[in-house]
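> can't give you the sequence, but here's the structure:
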């Protein structure tokens, strides 16, 4: 069997992330509801997040700053300081949230490692936060390298996979986001296994063209080893 | 001449950084002076920053969150929301601050590259912010690799320099911080060239033992090429 280079996304592929952001959105709306028109609060927050992406990038610290900025904007100078303190607390809670692998993750990674494949973790977000989540997940030792990047573009996958020695069609990227994980990996000439998460960040909704070669859509991570066998050839 | 692996710190070694934090500290004190006892404001802010390091890591977003937290703590629930908006603006200004190489940096890097040495940029902080600073500095192409890390320990230098092929005594780290750049590089068995910046972050003050081997203290970055010649042997 050929040894494959297999990239895994982390947030919402190996562990929950978006649900934690959603819960924080809900806490934000609940908190601000007393001080502002609660209609459209979520949309206002998402618009602020989107506008600040260029400056803050992905991650919890930037999200916290965007919550504070939105709270100030919607409350017409009448915001009690205690609300700001609550928003800081929401951010801290997110940073300290326990990191538990999603069902099937540990078994799937173990199966792939045992079959001799090289796993690479490829994630975007705050450097320290991602490092701490990887450490707390207990999954780090299964990966031969860990890449924390600020954007996931075709060039990102090209750089990481070619450094790992994978030419066209010789690496597979696995993740929940069509925009970040699948489409750019396909563009760079690699495989993309799409495992949608039950909620998707509104900035990241996209469809993979039905006729894209080297693309599979899976229901759960447990299906990965069989598809990898199919791609790289069965063990004999 | 032997080709050397030469690591450079970025903030306060290649361009100003701490002065920008100091100016922001001053803006913070000025802004809060009307709403709280201004005595000890700087110390309060620094204590908050230090306490949050574990959670936020290094960088401007975490600093902005620490400013807001301190402002709330010192103002006894009487803080106008406009002050919080000002603190957000200070953070944004820092993130957008122009990045200009310090005097002698461009010439020194060019001389080293021309002599065939391999330069590695090793910096800690927010991933996106550091990437943007490196891009805006115009210096990126002079480095054969760029490493953005969350902490600079002996293990960090060991990993980066050994991957670049440098054994004991075969790489040099250059930076302004004894704590982050010099002491851990010396511990890992490499050289350390210390170029103090005119202000040092209070968390990072330390002395390098006078008898440390493989250590030099320089006044300016312009002295680097001569010391590198001495370490790796003159071109013949």
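Great, that's in hand. Since this is a predicted model, take the numbers as computed values, not measurements. Numbers count the residues shown, from 1 in each chain, chains lettered A, B, ... in the order given.

> tell me the secondary structure of the spatially most distant residue from the centre of chain A, please.
Ranked by distance from the centre of chain A (Cα atoms, centre = their mean), the top residue is residue A:78, with 35.8 Å. What DSSP: H, G, I helix; E, B strand; the rest coil gives for residue A:78 is coil.

> now residue A:10: closest residue in space, sequence neighbours ignored.
Leaving aside its chain neighbours, residue A:10 sits nearest to residue A:123 (3.9 Å; criterion: Cβ to Cβ, 6 or more residues apart in numbering or on different chains). C-beta here means a position set from N, CA and C on the backbone, and glycine is covered the same way.

> oh, I was asking about residue A:144
residue A:118 (4.8 Å).

> on contacts alone, who are the packing partners of the host helix or strand of residue A:109?
According to DSSP states H and E, residue A:109 maps onto helix A:105-114. Other helices and strands packing on helix A:105-114, by 3 or more Cβ pairs under 8 Å, 6 or more residues apart in numbering or on different chains; DSSP states H and E, are strand A:118-124, helix A:224-232.

> residue A:16 is nearest to which of the ones you listed?
Closest to residue A:16 of the helices and strands packed on helix A:105-114, according to Cβ to Cβ: strand A:118-124, at 13.9 Å.

> beyond that closest one, next helix or strand please.
That would be, after strand A:118-124 and using DSSP H and E, helix A:127-137.

> can that following helix be found next to chain B?
Yes. Judged by Cβ under 8 Å from any Cβ of the partner chain, helix A:127-137 and chain B are in contact via A:127, A:128, A:129, A:131.

> list the contacts for the first one?
When you say that, I think you mean residue A:127. A:148, B:57, B:126, B:127, B:148, B:149, B:150 (Cβ atoms under 8 Å, 6 or more residues apart in numbering or on different chains).

> so which of the residues of helix A:127-137 next to chain B is the closest to residue A:91?
Nearest to residue A:91 among the residues of helix A:127-137 next to chain B: residue A:129, at 10.6 Å, using Cβ to Cβ.

> so the closest one touches residue A:59, yeah?
Yes. If you go by Cβ atoms under 8 Å, residue A:129 and residue A:59 touch, sitting 5.8 Å apart.

> for residue A:101, which residues make a bridge with it?
residue A:15 (DSSP bridges).

> which parts of chain A sit against chain B?
So chain A meets chain B at A:55-59, A:61-62, A:64-65, A:68-69, A:72, A:75, A:77-82, A:84-85, A:88, A:91-92, A:95-96, A:126-129, A:131, A:148-150 (Cβ under 8 Å from any Cβ).

> phi, psi of residue A:146?
phi -130, psi 120 (degrees, to the nearest 10).

> now for it, how many residues are close by?
Per other Cβ atoms under 10 Å in any protein chain shown, the neighbour tally for residue A:146 reads 16.

> now do it against residue A:82, distance only.
Noted for residue A:146: a distance of 39 Å to residue A:82, by Cβ to Cβ, to the nearest Å.

> these two touch, right, residue A:131 and residue A:140?
No. In this structure, residue A:131 is not within contact of residue A:140 by Cβ under 8 Å, at 9.2 Å.

> the two: which has the busier surroundings?
residue A:131 (19 against 12).

> what sits against the nearest residue to that one once chain neighbours are set aside?
Leaving out its chain neighbours, the residue that sits closest to residue A:131 by Cβ to Cβ, 6+ apart is residue B:150, at 5.5 Å. Contact analysis of residue B:150 by Cβ under 8 Å, 6+ apart lists A:127, A:128, A:131, B:57, B:58, B:124.

> let me know the closest of these to residue B:19.
Closest to residue B:19, out of all of the contacts of residue B:150 and judged by Cβ to Cβ, is residue B:58, at 16.3 Å.

> on the three-state scheme, the closest one is what?
coil.

> show me what contacts it?
Residue B:58 touches A:128, B:124, B:125, B:126, B:150, counting by Cβ under 8 Å, 6+ apart.

> quick check: which element contains residue A:219?
Under DSSP H and E, no helix or strand contains residue A:219.

> likewise for residue A:7?
strand A:5-8.

> strands paired with that strand, and their directions?
By DSSP bridges, strand A:5-8 pairs with strand A:118-124 (parallel), strand A:171-175 (parallel).

> so what pLDDT did the spatially closest residue to residue A:195 that is not a sequence neighbour get?
Nearest non-adjacent residue to residue A:195, counting by Cβ to Cβ, 6+ apart: residue A:218, 4.9 Å away. Predicted confidence (pLDDT) for residue A:218: 94.

> pretty sure residue A:218 contacts residue A:228?
No. Look at residue A:218 against residue A:228 with Cβ under 8 Å: they stay out of range, at 11.0 Å.

> which residues are in contact with the residue nearest to residue A:196 when sequence neighbours are not counted?
Take residue A:196 and drop its neighbours on the chain: the residue closest to it by Cβ to Cβ, 6+ apart is residue A:176, 5.8 Å away. Listed by Cβ under 8 Å, 6+ apart, the contact set of residue A:176 reads A:9, A:12, A:13, A:194, A:195, A:196, A:197, A:200.
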